[in-house]
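Colleague: got a structure for you, letters missing:
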């Protein structure tokens, strides 16, 4: 009994040894940094020549962000709406493209290369330049007079999302690269015999998609939805992120205020993640029943 | 059903009609012409939409100033004008910023891939108390927005005099907290878990130390995972501007950072009041600058594209 136990103990120690670097980094760069940022968020932080001066203000930074800064609240609402618009579009398009790429046809490799290309070049400044030129709008749509007219007719609540959809359509699509690959890999894992059985039973391609393919992709859909929300929320051109960044460099109270906003933003993002996660898992359960 | 019905059915099931139907609508052997045409039309449409910003960027970047003002010239410039590239090249200070960009993307990526593989190996191969918790925490670090952790880091780096130095990016990577580290740890965790243990165990019986086993047996067998992790990490570091802006501001300047301040940099090189109309900043020059910024990752992508698009299959990262 004794040597076996020590073998187990030794294995555990080696395991800790391998993750040691990460553990230290996690404590220093994540836990301590988070705690420190939280501490700033409860203080008025002034940058001095030698360091920073803290003055405790309680939740003042949070109440300022939520109740006294209309700009921040507006950006936060915009972010929520835009994410809720973008996630279904990314999911649907990456699924459609993955279904196409899962077929056998000539030039498949070429199209796969095209659809993954944006992942390689999407950086904040590049997107900013392209958006400034109007190159990320759905081609030729956003400037058509009839569309502009249509937009002005829309009620205020709907107008924002629709306008975002039209002016940033390609940008939204550009965030689907990794998701396409995840769908594709999962499509290739679906049990062939299921399709054969369905074909023998005379199921149409439409029925096969809804009854076999889509349920088989439910996990991938959840993963993709979460991934999409995270990359959209962390993207450096995200307007909330930029606003927080700009405020950080206000000399008086900037750091504390930015820290408070960062935590509010984090909270909203987690709420979004949780609601999309619950929605999709609920849907997946119903689908598998 | 009369005689016409029977005749119609005979025509429809005539072998020639069958062949035509299969040719148009597909059979077990292929997709058929109609389906094929629809497929290609849809793919080309979506592909065009995907590439539209790039085509627009490239076409605009080779337009000369009079083409830019001419509403008749949309997609075909009257000449291949490289003056925009000449100026964008100088404004971006291309050789220097390219070198910096390579440095601050390649070095942290190498470090990050190596450390992530250590962590992934530890989690995949050893059983210890809390390993599931660690895995959970690693995934949680992926969710935390950078702005919730960078300010204390920035202040600490300022005190240490590391602000503006690439070390500010390398240090977190060396401790498994680099940019998107969680994904890379997950890649290695799944890669090592899917590899057979036999070789490692026989080496252990022969008395090899655990580190030696890792370096001589585990690492070489996970080379695909290393390549995937390295190239993705490089591309993501290359395109990252939030962290680089905070940590490198005032020191090293990467290509995307220089692109972000393109207008100021242009006007200091070509002061607006001094230069003639052909030298003024216009969208063709900014598009040339944008194209120069994405050119290096683009070239890397076309050389290594198989590694990118097959990465998910090669590393077994499919969602579980």
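Modeller: Yep, that arrived. Fair warning: this is a prediction, and the values are worked out from it, not measured in the lab.

Colleague: okay, CA-based contacts and neighbour counts for the rest of this
Modeller: Noted.

Colleague: what segments of chain A are strands?
Modeller: Secondary structure of chain A by DSSP state E: the strands cover A:43-47, A:52-56.

Colleague: deepest-packed of those strands, please.
Modeller: Ranked by mean neighbour count, these are led by strand A:43-47 with a mean of 21 (mean count of other Cα atoms under 10 Å in any protein chain shown).

Colleague: what angle do that strand and strand A:52-56 make?
Modeller: Counting by axes from the mean of the first three to the mean of the last three Cα atoms, to 10 degrees, strand A:43-47 lies at 160 degrees to strand A:52-56.

Colleague: pLDDT on strand A:43-47, on average?
Modeller: Computed over strand A:43-47, the mean pLDDT rounds to 85.

Colleague: so which elements touch it?
Modeller: Contacts defined by 3 or more Cα pairs under 8 Å, 6 or more residues apart in numbering or on different chains; DSSP states H and E place strand A:43-47 against strand A:52-56, helix A:254-288.

Colleague: please repeat the previous calculation with a cut-off of 10 Å.
Modeller: strand A:52-56, helix A:60-63, helix A:254-288 (3 or more Cα pairs under 10 Å, 6 or more residues apart in numbering or on different chains; DSSP states H and E).

Colleague: go through the ones you listed and name the closest to residue A:82.
Modeller: Closest to residue A:82 of these is helix A:254-288 (Cα to Cα; 11.6 Å).

Colleague: touching chain B at all, the closest one?
Modeller: Yes - interface with chain B: helix A:254-288 contributes A:255-256, A:258-263, A:265-266, A:269-270, A:273 (Cα under 10 Å from any Cα of the partner chain).

Colleague: check the offset of that helix from the chain's centre.
Modeller: When distances are taken as Cα atoms, centre = their mean, to the nearest Å, helix A:254-288 is centred 10 Å away from the chain's centroid.

Colleague: nearest to residue B:79, of the strands of chain A?
Modeller: Going by Cα to Cα, the one of the strands of chain A nearest residue B:79 is strand A:43-47, 53.8 Å.

Colleague: and the residue in the stretch 101-250 of chain A positioned nearest to chain B, what is it in contact with?
Modeller: Nearest to chain B, among the residues of the stretch 101-250 of chain A, is residue A:123, at 4.5 Å (Cα to the nearest Cα). Residue A:123 sits next to A:235-237, B:235-242, B:256-257, B:293-294 when contact means Cα atoms under 10 Å, 6 or more residues apart in numbering or on different chains.

Colleague: of the strands of chain A, which is nearest residue B:33?
Modeller: Per Cα to Cα, nearest to residue B:33 of these: strand A:43-47, 68.5 Å.

Colleague: still on that earlier bit, got the helices and strands packed on strand A:43-47 as TSV, with mean pLDDT columns?
Modeller: Shown next, in TSV, are the helices and strands packed on strand A:43-47 (pLDDT from 0 to 100):
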stretch	mean pLDDT
strand A:52-56	83
helix A:60-63	90
helix A:254-288	89
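
Colleague: can you lay out these as JSON lines showing distance to residue B:167?
Modeller: Listed next are those as JSON lines, based on distance: least, Cα to Cα, whole Å:
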{"stretch": "strand A:52-56", "distance to residue B:167": "23"}
{"stretch": "helix A:60-63", "distance to residue B:167": "32"}
{"stretch": "helix A:254-288", "distance to residue B:167": "23"}
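
Colleague: what about residue A:73, neighbour count?
Modeller: 16 (other Cα atoms under 10 Å in any protein chain shown).

Colleague: the one 5 residues further on too?
Modeller: A total of 17 residues lie near residue A:78 under the criterion other Cα under 10 Å.

Colleague: in contact with it, which residues?
Modeller: A:72, A:84, A:160-161, A:164, A:239-240.

Colleague: restrict those to those near chain B?
Modeller: Within the contacts of residue A:78, nothing lies near chain B by Cα under 10 Å from any Cα.

Colleague: out of the residues you listed, who's nearest residue A:284?
Modeller: Nearest member of the contacts of residue A:78 to residue A:284, counting by Cα to Cα, is residue A:84, at 18.8 Å.

Colleague: which residues touch the closest one?
Modeller: Counted by Cα under 10 Å, 6+ apart, residue A:84 has contacts A:78, A:161, A:229, A:272, A:276.

Colleague: so where is the chain shaky, pLDDT-wise?
Modeller: All of this refers to chain A. A:1-5, A:138-144, A:156, A:287-289 (pLDDT under 70).

Colleague: that's the wrong chain, I wanted chain B
Modeller: Scanning chain B for pLDDT under 70 picks out the ranges B:1-5, B:8, B:11-12, B:21-31, B:73, B:275, B:277-278, B:314-320.

Colleague: which stretches of it form strands?
Modeller: Taking DSSP E as the criterion, chain B carries no strands.

Colleague: identify the residue nearest the geometric centre of it.
Modeller: With distances taken as Cα atoms, centre = their mean, residue B:235 lies nearest the centre of chain B, 4.7 Å away.

Colleague: next up, the contacts around the nearest residue to that residue once chain neighbours are set aside.
Modeller: Closest residue to residue B:235 apart from its sequence neighbours, by Cα to Cα, 6 or more residues apart in numbering or on different chains: residue A:120 at 6.2 Å. By Cα under 10 Å, 6+ apart, residue A:120 lies in contact with A:177, B:232, B:234-236, B:238-239, B:294, B:296-298, B:300-301, B:308.
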